[in-house]
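Participant: Kindly generate the corresponding structure for this input.
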Amino acid sequence: MANFNSLLDSPESQTSPASAAQGEAPTPNIMYGVIKRWPWLILGLTVGLILGFLYHMQRPPVYQSSAQLMVIKNRPELIAGGAGDSRVQVVEDYVAGQVILLKSETILKLAAEKRLDEQQPFQVPLPATTAERISLMKSRFDVTREKEPGTQSPSNVLQLTFKFSEPTDSPKYLRAIITAYRDGLTGVYEDASTGLLKRLDEEIVSLKQSQTMTRTEMNEAERKLRGVVDDATGTVLVPGISQEDLSSIRTRMSANRNTELTLKLRQILVAKELADVKDAGTTRASRLAVMAKLGVPSERPAILGDLRDPDSLLANFKYRKSELGVRLGPGHPDMIALTNQIKAIEADLAKRGGPPEDELEQHRRKLDNEQSGIAAQLKILEKELADDEEKARQISPLQRTIEAHQATLLRDGMRIAEKEMERKQVNSTRSAGGFEVKDVTAPNTGTQIAPVLMQSLLLGAVLGLLLGTGLGLRAELADRGFHSPEDIRRRLGLPVLGHIPLIRTTDPSEVTPIAALDPVLAVFLRPRSAEAEAVRGIRTQLLFSTNNKTHQVIQITSPNAGDGKSTVAANLAIALARADKRVVLVDCDFRKPRVHTLFGLPNPAVGLASVVADQADLGDAIQACEIDNLSLLPCGPRPSNPAELLSHPKFQEILTDLRSSYDYVILDTPPVLAVSDPAAVAPRADGVILVFRMNGDAHPNAERARQALVAVSARLLGVVVNASTNRDMGYGYGNGYKSGYQYSDAYSDPKQ
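Facilitator: Presented below is the predicted three-dimensional model:
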């Protein structure tokens, strides 16, 4: 039966099909896909374990023999100033050198030349040459220091191990090395100490010579920088660049630059005030305004002014003239006298070139003096800055050279101290005399340490899991189909409206049709079949969907030809009609129309194409059939321009008329990936159902079709899987369809 959960879920857990179609499909989870293909992981793990076991069986065995030696000084000397546990100090003095000596080529050569032949016979013949024997022992022999009991401090007990392919040969090699070490310990150690002391003396001399050269170069740089100064009197005997430090010069330069900036800003303000003074004019009023603006105090009365001042006197006469002119008239002798006096004062002012010196003129002279002082200070600062910059330029490379030499002297001094300490330790150990070597444990027969079965199996398991993961990932990436309804929902982001089983056209009909109906119309011809029940499940989802009010015009399409979209459209129209809904099935496939063939109608003379082209009326094109409540609007004569007709405004008018006359309008349109016709119809439909078959290219084809419909703002209701099998429907779907048979039979039995 169809999956009823997709459209009947609660709003909280199920988004609408239209909204789900508008967005992008969720990104597939690659890890989930790989885990889903667990047989590949199991296969890889099995192969890895088998290969690990085979690798383990093919590896040659390795046996290890071990022994322990205690190295003791005959006359240990403590480091001067040392305190605490003398045993620990002796261990720190010499045991580390014994580890190096044991693994040295000198001891191995002595064992290869003199002591290995004494251990005959060997299961594996000895190498012929001394060099080959030394190379063999270097690769198989190892020495480590044991820890003090209960601590992490190294002891004077050495752990010697030798790895070989024969268990009886490994202790013989180990005994030869121990014997060679005992025989040559004193002489070899004395020679090694002498050589080490010689090398340390050479390094110390070299470092001291380097220090002398560095000091000479640093003194020369200091002389160029500071000159030569008499320490007693402080007199400069040889002049240098400067006695000052570079940092103090740079500090002074920074302060001078700040002072220079402040003076330049003050210079700008003084220049602006001078400009204002020059623009003040000659009248007392204008000059008083400028004085007020600049904050220059006035020493004269502010109401009538100083009558001794020509400007104030002129203003007083003009004021009196304006006052007497109202009472006396212009021809009065007093008025004439005032006019003559005003002219005389104005002539005198013009002859003198302006008023006498006042407060503003005094302020101007003060600003001139300040401007001259600022200019002089700036010149001094510029010279000081230039001198300091030149001095800093000369000092900087010498200062860097001195600092580099100081760092070199410090580093060389530390290295000399280290070498001196090392030399003292070697001398102290050397003067203590020989060493005594005691056996703690004798070399034992070799025990097998490799290969380890669990390690080989673990390595094989890891490699096998990687192989299985790679195979599963390759299979997941190469898989272009769907595997379950959940897989379809996850990849396409659309609900699965139903799975329609493969329609068996050879099954006998349960009703006798009047017309020659196509056997694929299972809902009418075989209403108790599983195919009919699946279509009725899709009908139920459409009828009871929460968005059913807007799902009146439904477009049925598919990605490719052969997916069965016409069959699904016809059966869905029949199912809706038998639910007492007025339905019209419209054949919008102008290229390969099938509606009239499915319902056994002759090729009509007029149809949808004729109505869109204004060659016929809609009522003449709609035809009835033997199924109640179902009308057909076939294509009619196939037009030469199908895409243009479906995009014509007339087609929208036809859909509007059909909406008003029918409960459901089912549109059978061509495949999306074949032609552009469905893209022209989709925006005008209330919902689109995508029909496809489960084949190898189902996923990419369905995804491309979904993207093409979303691009034109189509409202996708969901998908229908046609001609599906039990495997296509996921776990439990097969049993559901079997139950569907029983349920249909029981429902049709009158006794039930």
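Participant: all contacts plus neighbour counts: C-alpha atoms, from now on.
Facilitator: Noted.
Participant: Leaving out sequence neighbours, find the closest residue to residue 341.
Facilitator: residue 317 (7.8 Å; Cα to Cα, 6 or more residues apart in numbering).
Participant: Which element, helix or strand, includes that neighbour?
Facilitator: Using DSSP states H and E, the element containing residue 317 is helix 310-327.
Participant: How much space separates residue 617 from residue 629?
Facilitator: Distance of residue 617 to residue 629, computed by Cα to Cα, to the nearest Å: 21 Å.
Participant: neighbour-wise, which of those two wins?
Facilitator: Taking neighbours as other Cα atoms under 10 Å, residue 617 and residue 629 compare with residue 629 leading, 20 against 14.
Participant: I figured that one hits residue 579, correct?
Facilitator: No. Counting by Cα atoms under 8 Å, residue 629 does not reach residue 579; the two are 9.0 Å apart.
Participant: For residue 164, grab the count of nearby residues.
Facilitator: Neighbour count for residue 164, taken as other Cα under 10 Å: 24.
Participant: wait, I meant residue 210
Facilitator: For residue 210, using other Cα under 10 Å, the count is 15.
Participant: roughly how far apart are it and residue 494?
Facilitator: Distance of residue 210 to residue 494, given as Cα to Cα: 81 Å.
Participant: Now residue 667: which helix or strand?
Facilitator: Using DSSP H and E, residue 667 falls within strand 664-668.
Participant: for the helix or strand just after that strand, the distance to its chain's centre please.
Facilitator: Per DSSP H and E, the first helix or strand lying C-terminal to strand 664-668 is helix 677-681. Helix 677-681 sits 41 Å away from the centroid of its parent chain (Cα atoms, centre = their mean, to the nearest Å).
Participant: For the strand holding residue 667, what is the distance to the chain centroid?
Facilitator: From the chain centre to the centre of strand 664-668 is a distance of 49 Å (Cα atoms, centre = their mean).
Participant: Stretch 521-533 too?
Facilitator: 56 Å.
Participant: can you check stretch 393-411 too?
Facilitator: With Cα atoms, centre = their mean, you get 44 Å for stretch 393-411.
Participant: Can you verify my assumption that residue 503 contacts residue 518?
Facilitator: No. Residue 503 is not in contact with residue 518 according to Cα under 8 Å; the separation is 11.5 Å.
Participant: And these two? Which one has more around it.
Facilitator: residue 503 (19 against 15).
Participant: What are the phi and psi values at residue 281?
Facilitator: Per-residue torsions, residue 281: phi 90, psi -170 (degrees, to the nearest 10).
Participant: Grab the nearest non-local neighbour of it.
Facilitator: residue 287 (6.6 Å).
Participant: so which strand or helix has the one you found?
Facilitator: Under the criterion of DSSP H and E, residue 287 resides in helix 284-294.
Participant: Excluding chain neighbours, what is closest to residue 166?
Facilitator: Once flanking residues are discounted, residue 166 sits nearest to residue 63: 6.4 Å by Cα to Cα, 6+ apart.
Participant: how about the CA coordinates for the host helix or strand of the one you found, as PDB?
Facilitator: Using DSSP H and E, residue 63 falls within strand 62-73. In PDB, the C-alpha atoms belonging to strand 62-73 read as follows (Å, rounded to 0.1, in the frame of the first residue of the first chain):
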ATOM      1  CA  VAL A  62      63.100 -13.200  15.900                       C
ATOM      2  CA  TYR A  63      64.700 -14.400  19.200                       C
ATOM      3  CA  GLN A  64      66.200 -12.100  21.800                       C
ATOM      4  CA  SER A  65      68.900 -12.900  24.400                       C
ATOM      5  CA  SER A  66      69.500 -10.600  27.300                       C
ATOM      6  CA  ALA A  67      72.000 -10.100  30.100                       C
ATOM      7  CA  GLN A  68      72.700  -7.500  32.800                       C
ATOM      8  CA  LEU A  69      76.000  -6.000  33.800                       C
ATOM      9  CA  MET A  70      77.000  -3.800  36.800                       C
ATOM     10  CA  VAL A  71      79.800  -1.300  36.100                       C
ATOM     11  CA  ILE A  72      81.700  -0.100  39.200                       C
ATOM     12  CA  LYS A  73      84.600   2.300  39.500                       C
END
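Participant: From the chain's centroid, how far away is that strand?
Facilitator: 54 Å.
Participant: isn't residue 147 right up against residue 159?
Facilitator: No. Assessed by Cα under 8 Å, residue 147 is found out of contact with residue 159, at 10.3 Å.
Participant: and the helix or strand where residue 268 lies, what does it pack onto?
Facilitator: Here residue 268 sits within helix 246-278, counting by DSSP H and E. Applying 3 or more Cα pairs under 8 Å, 6 or more residues apart in numbering; DSSP states H and E, we find helix 246-278 packed against helix 284-294, helix 359-430.
Participant: report the angle between the axes of the longest one and strand 62-73?
Facilitator: What separates the directions of helix 359-430 and strand 62-73 is an angle of 90 degrees, with axes from the mean of the first three to the mean of the last three Cα atoms, to 10 degrees.
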